[in-house]
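K.L.:
Whatever this is, show me its structure:
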Amino acid sequence: MKNILKQYVHKLVIDNPSIYGGDKGNNLIALKYIKDIGKDFNYSTMESVVREKNRFLTANPQYDFRVKNKGKNTGTVPNVEVA
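P.N.:
Numbers count the residues shown, from 1 in each chain. Okay, the predicted model is just below:
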């Protein structure tokens, strides 16, 4: 499940970095996840989606279009690379 979630988040950000890599990306990626997954929605998984997106952007700044929240400690560790 964890690998599937990572692949899902990475694909969304890579395909639409201006949308999901921006300041409103957390809300947008959460809404997209709810629409795609539907009945398996829970807050813990939503937090994991947002956390993974932030990790990915920290490790891959070419997709990071955050302005307001860039440079703030988001609790992420850059350990994700684009394959």
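
K.L.:
show me the contacts for the spatially most central residue of the chain.
P.N.:
Taking CA atoms, centre = their mean, the centroid of the chain lies closest to residue 53, which sits 1.9 Å from it. Going by CB atoms under 8 Å, 6 or more residues apart in numbering, residue 53 touches 9, 13, 20, 25, 26, 29. Yep, even glycine has a C-beta here, placed from its N, CA and C like the rest.

K.L.:
switch the cut-off to 6 Å
P.N.:
9, 29 (CB atoms under 6 Å, 6 or more residues apart in numbering).

K.L.:
what mean pLDDT does the helix or strand hosting it have?
P.N.:
Element membership for residue 53, per DSSP states H and E: helix 43-59. The pLDDT scores in helix 43-59 average 89.

K.L.:
got the CA coordinates for it in PDB?
P.N.:
Taking Å, rounded to 0.1, in the frame of the first residue of the first chain, the C-alpha atoms of helix 43-59 are listed here in PDB:
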ATOM      1  CA  TYR A  43      -7.700  11.100   7.600                       C
ATOM      2  CA  SER A  44      -4.600   9.100   8.400                       C
ATOM      3  CA  THR A  45      -4.200   8.200   4.700                       C
ATOM      4  CA  MET A  46      -4.900  11.800   3.700                       C
ATOM      5  CA  GLU A  47      -2.100  12.900   6.000                       C
ATOM      6  CA  SER A  48       0.200  10.300   4.400                       C
ATOM      7  CA  VAL A  49      -0.700  11.600   0.900                       C
ATOM      8  CA  VAL A  50       0.200  15.200   1.800                       C
ATOM      9  CA  ARG A  51       3.300  14.200   3.700                       C
ATOM     10  CA  GLU A  52       4.500  12.200   0.800                       C
ATOM     11  CA  LYS A  53       3.900  15.100  -1.600                       C
ATOM     12  CA  ASN A  54       5.900  17.400   0.700                       C
ATOM     13  CA  ARG A  55       8.800  14.900   0.900                       C
ATOM     14  CA  PHE A  56       8.800  14.500  -2.900                       C
ATOM     15  CA  LEU A  57       8.900  18.300  -3.400                       C
ATOM     16  CA  THR A  58      11.700  18.700  -0.900                       C
ATOM     17  CA  ALA A  59      13.800  16.100  -2.700                       C
END
